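Q: Quick one, what's the 3D model for this:
(one chain, ligands or ions: 1)
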Amino acid sequence: MTPLLQARDLARTYQIRRSLFGKAIPVRAVDGVSLFVNAGETLGIVGESGSGKSTLGRMLLGIDPVQSGDVLFEGKTMPKLATPEWRALRAKMQLVYQDPLAALDRRLTISSQIGEPLDIHGLIPREHRAARVEELMAAVGLRPDQADRFPHELSGGQRQRAVIARALASRPKLIVCDEPVSALDVSIQAQVVNMLTDLQAQNKLAMVFISHDLKVVRNIADRVAVMYLGRIVEEASSDVIFRSPQHPYTQALVSSVPVPGKPLESRVILQGEPPNPANRPSGCAFHPRCPIALNVCRSTTPELRSIGQGRTAACHVVPGDEAAIAA
Ligand code: SF4
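A: So this is what the prediction gives:
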């Protein structure tokens, strides 16, 4: 089966300057990432701030240029940014940002913004536009009387619902959600996540769900890719990742997710801050914080390799066969 979306060996380097006249320093934001998303499934991408997950999300949609590697959608190479082919493809791939207020235009009503993709892509006759907007608002739990409101007249949760309705307007096959609930109150987060899950099933959508919050990802993702300093360090089904994480970084992240009946003492506390991407540690980038690092970890970068149970991990210590993992 051809995946809906496939990324092969993606890389992106930024040049940053510490001062106006300072020397530009290359920062590798995404470093050799390969992944796939099948139609109708959700891939969760998790990691701390600075792990490169948001840059990766934008690269998957072609919004951030790919410097090396390929992105394929329905088996075809993604067209270049801002070409007519790319614009046509963007109708099938949408992005939901973290901050709905920044994503919406404060001067336009909610209904006009939800209907924007219909106009941009010329998707339906003008006379059917109002009915389609009403349908989209109902699908995300917005009331008809909210159609003529402006973004600042809605709550944070309602604004994010409007952004999601706009993303659904063009009947996309894929949505990339970048921290879509992290700016919302905890009580609203669950409602929006449940709504996304329902909409995904109804519309047979594929989703890339980017988040630093594993509790949220656990509830929504079919598979999970864990990123550290621009690389995937472990990838498996959500069930396998949360049941038996193998990479020490994944173990620390998973142990921070509260489990009813499980004592907090079993939590693995990560030492230190995430390293500066402009000053990447040698070998395994996680070695300064890893409780089981070996000498080889300081000099040799571990490759992402299959370790059984349909999962991959990049670690010198993680055993490479199913028997070892099960033991
Ligand atoms: Fe830790 Fe070494 Fe594995 Fe990196 S390769 S996670 S430093 S054991």
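Q: now Leu229: how far from the ligand?
A: From Leu229 across to the ligand, the span is 11 Å (Cβ to the nearest ligand atom, to the nearest Å). Just so you know, the C-beta spots here come from the backbone N, C-alpha and C atoms, and that holds for glycine as well.
Q: what about the closest residue to that residue other than its chain neighbours, neighbour count?
A: Nearest residue to Leu229 in three dimensions, chain neighbours excluded: Ala285, at 4.3 Å (Cβ to Cβ, 6 or more residues apart in numbering). Residues contacting Ala285 under the criterion other Cβ atoms under 10 Å number 25.
Q: Hmm, Ala285 is touching Pro274, no?
A: No: using Cβ atoms under 8 Å, Ala285 is not in contact with Pro274; the gap is 9.3 Å.
Q: shared neighbours, the two?
A: 228-229 (Cβ atoms under 8 Å, 6 or more residues apart in numbering).
Q: and the residue in the stretch 101-250 of the chain positioned nearest to the ligand, how many neighbours does it have?
A: The ligand sits closest to Pro248 of the stretch 101-250 of the chain, with a gap of 4.5 Å, by Cβ to the nearest ligand atom. Per other Cβ under 10 Å, the neighbour tally for Pro248 reads 24.
Q: Let me see the backbone angles for it.
A: For Pro248, the backbone dihedrals (degrees, to the nearest 10) come out as phi -60, psi -30.
Q: residues touching the spatially closest residue to Asp213 that is not a sequence neighbour, list them.
A: Among residues not flanking Asp213 along the chain, Ser182 sits closest, at 6.4 Å (Cβ to Cβ, 6+ apart). Contacts for Ser182 (Cβ under 8 Å, 6+ apart) come out as 98, 211-213.
Q: ok, now Met93?
A: Contacts of Met93 (Cβ under 8 Å, 6+ apart): 5, 60-61, 73, 172-176.
Q: The residues you listed in helices, which ones?
A: Residues of the contacts of Met93 located in helices (DSSP state H): Leu60.
Q: Quick check on the contacts of Met93: which are buried?
A: By neighbour count, with 16 or more other Cβ atoms under 10 Å, those hold 5, 60-61, 73, 172-176 as buried.
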